[in-house]
Structures are given as C-alpha cells and as structure tokens.
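Undergrad: This is the structure alone, sequence omitted:
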C-alpha cells in the first residue's frame, strides 16, 4: 500500500455562484409522434399566430398610379361575360356539353348556346366531337362500331343525293348502307331486309316526315365552327415543335383527322416525325447539324452568330435533338 502525502483540490476560474444551475437545461429528444402531437396542440398554434407579423392591406378606390380603373364585378357581370374562375366548373360544363352532343347526335350551335351560355366551350366541343353536314353538327363515326359506321355512311349518302331517306315495305339495304327499292325474289314477293341496326341509326339521325320518308333532324344554319381550329394552332405554335401525339393530346382528334389537319395547315415536317406550325429561319441551321453525331458548344454559338439566328429559339430546337454533356451536344 502507498500512502498519499498530499491532496490537491482544483477550482474553476469563476465562482460557482456565477452560473444559475436552475437555468441550465437540455431539451428532451422528441420522437416524430411527440413533435406532431405538440404541433397539433392549440397552444402551439396560438403562439405561432401571436408571433406572426401584422400585415396591413388597403383598398384603393378610383384610379391607380398606372391610371387603371378598378371595378367590383357582380355575379351577373361574371355570368354575362363568361368568366370562369374555377377550372373545375369549366371542365364540368364541358363534360355536360359533350354528353348532350353524344345523346342528341344531331345538334345545332344556336341551341347549345341558348342552353349553356358559353360560346367558346361549345365551339371546342363541336370541333372535337362533330362534323358539319347539311347545316347541322353530327356526332362523328368514330364513336360507333364499324358495321354502324357503314350504315351511317349509307344514310348520309342518301341524304346528300336525294335530301331524304325513303323506307317502305319493299326496301333492302345495299352493301354500302344505302336503300335499294323494289327488289323481287324468285317467288315474286317483295323483300324487307331493314335491320334493327339500320333503324337505330336512322332514328338517331332523322325524323319521319310522312309514312315512308325520313328527313334529317334539326334545322339549317351556316357553318361557324372553324374545323382548322385556330386555338389549337396557337397552342402548337407556343410549343414550337411537336409530334402527332401532342396534337392528339391538345385536340382529342383521331389519327386520320390529325393527318388531315396537318395537311390542311401545311405544317413543316422535321426529322423524327416532328412538326412545326410555320417556317422559321432557325430550321435551316438545325437541318445543317442533324447529320452529325455530336457538335461542340462553341460551334453552335458560331452558327447562331454567323447566321443571325434567335439564340433562344435555336437552343430550343437543339435540345429536341441533342443532349448536353459538358462541352458537347450529343445527338439523341
């Protein structure tokens, strides 16, 4: 055993009474559940409200500094000017109009406007779902099975040629869906081969004028729907470059209608089945580099500067066909 001769006691530089031990505390580590529970507590929310800065808002009457007049619109003004602040209301209205067109099959623009009070959405629905025939808007064939499409085409042919469809007890359906009258069989009796499908299509499109003659429903009105769809052209122009699926997404058109739409509007066709609404000079610069697998960034800048291309437009086209990797543009 060793014997300790001396014991030394070391004190801190400051006296103990300088620090208030009661004030020294450590926050307990909270679990996620405890934190969520604390935030749901009403006292926590009240403290947050109390600590928020007070913001003062003023209502300015008359003219602002820019000289604009401010008005408070009544509900009647909103309805009359067809302003829809809620997109859900607008989409619900469009769905109702589309259902009306599908149920009626033959519609008139004037009737839809009187019913739904929104010319823009009515025109959009008619452009999407119908075609113009003899002063009426008729639901497209694409909503019907192939056999019904043939029957409808036959009815349209008769209406176009004669202005009416005549049915009697001695009629037969031809292969193209139109009516062939007075067909005798071997026993010298008349054939009645009007199918239920034909009756269904005929009653959808026509009304009975007399005992044997059907005429198209509705009334004549001049065509006011732009089937070239200037609104769609505007959307596509904003996108600059687009493919067939983009057109289908924007318009809801079928693929054969999209091809016709492209041909009617003389779109510029680019590589990889991409299209542009109109020619811009930057297309020439893009076509000059599409044969290359890669191109340096400084080369792209030289092309822009030497030819006076719009930098933003040119880079938008470059990004369609090339990927950016460091100092290079690599073709996709």
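TA: On my side now, so go ahead. All of these numbers come straight from a predicted model, not from anything done at the bench.

Undergrad: Contact partners for residue 278?
TA: By CB atoms under 8 Å, 6 or more residues apart in numbering, the contact list for residue 278 reads 237, 268. All C-beta atoms are positioned from the backbone trio N, CA, C, and that covers glycine.

Undergrad: for it, phi and psi?
TA: Main-chain dihedrals, residue 278, degrees, to the nearest 10: phi -150, psi 160.

Undergrad: And it, how close does it get to residue 240?
TA: 10 Å (CB to CB, to the nearest Å).

Undergrad: How about residue 140?
TA: In terms of CB to CB, residue 140 sits 30 Å off from residue 240.

Undergrad: try residue 163
TA: Residue 163 sits at a distance of 47 Å from residue 240 (criterion: CB to CB).

Undergrad: what is the rounded mean pLDDT of the helix or strand where residue 312 lies?
TA: Using DSSP states H and E, residue 312 maps to helix 311-321. Here helix 311-321 scores 89 as its mean pLDDT.

Undergrad: in that helix, what counts as buried?
TA: 313, 314, 315, 317, 318, 320, 321 (16 or more other CB atoms under 10 Å).

Undergrad: same deal with stretch 31-43?
TA: Buried residues in stretch 31-43 (16+ other CB under 10 Å): none.

Undergrad: can you list contacts of that stretch?
TA: For stretch 31-43, using CB under 8 Å, 6+ apart, the contacting residues are 30, 44.

Undergrad: The same query, at a cut-off of 10 Å, please.
TA: Applying CB atoms under 10 Å, 6 or more residues apart in numbering, the external contacts of stretch 31-43 come out as 28, 30, 44, 45, 47, 48.

Undergrad: Pull out the buried positions in stretch 257-267.
TA: Buried residues in stretch 257-267, defined by neighbour count with 16+ other CB under 10 Å: 257, 258, 261, 265, 267.

Undergrad: Show me how the chain divides into domains.
TA: 86-224, 230-331 (automatic domain parsing).

Undergrad: Find out how far the shortest one is from the centre of the chain, if you would.
TA: Mean C-alpha position of domain 230-331 versus that of the full chain (CA atoms, centre = their mean, to the nearest Å) differs by 21 Å.

Undergrad: following the helix holding residue 312, which helix or strand comes up?
TA: Downstream of helix 311-321 (by DSSP H and E), the next one is strand 322-325.

Undergrad: same question for the next helix or strand after that next one, mean pLDDT?
TA: Going down the chain from strand 322-325, the next helix or strand is strand 328-331, by DSSP H and E. In this model, strand 328-331 has a mean pLDDT of 90.

Undergrad: before we move on, what about stretch 199-218?
TA: Averaged across stretch 199-218, the pLDDT comes to 90.

Undergrad: list the buried ones in that stretch?
TA: Residues of stretch 199-218 classed as buried by neighbour count (16+ other CB under 10 Å): 201, 202, 204, 205, 206, 214, 215, 216, 217, 218.

Undergrad: Can you say which of the domains of the chain is nearest to residue 7?
TA: domain 230-331 (70.9 Å; CB to CB).

Undergrad: Low-confidence stretches in the stretch 51-200 of the chain?
TA: Across the stretch 51-200 of the chain, the ranges flagged by pLDDT under 70 are 55-89, 168-194.

Undergrad: What's the separation between the residue nearest the centre of the chain and residue 155?
TA: Central residue of the chain (CA atoms, centre = their mean): residue 250, 4.6 Å from the mean position. Using CB to CB, we find residue 250 at a distance of 32 Å from residue 155.

Undergrad: same thing with residue 30?
TA: Residue 30 is 75 Å from residue 155, by CB to CB.

Undergrad: Looking at those two now, which is surrounded by more residues?
TA: Neighbours were counted for residue 30 and for residue 155 using other CB atoms under 10 Å; residue 155 has more, 21 against 11.

Undergrad: just to revisit the earlier point, the helix holding residue 312 packs against which elements?
TA: strand 268-270, strand 274-276, helix 282-289, helix 297-307, strand 322-325, strand 328-331 (3 or more CB pairs under 10 Å, 6 or more residues apart in numbering; DSSP states H and E).

Undergrad: buried ones in the fourth one?
TA: Meaning helix 297-307. Quick answer for helix 297-307 (16+ other CB under 10 Å): 300, 303, 304.

Undergrad: for those, which one is nearest residue 54?
TA: Of the buried residues of helix 297-307, the one sitting nearest to residue 54 (CB to CB) turns out to be residue 304, at 52.1 Å.

Undergrad: what residues are up against the closest one?
TA: Contacts of residue 304 (CB under 10 Å, 6+ apart): 282, 285, 310, 311, 313, 314, 315, 318.
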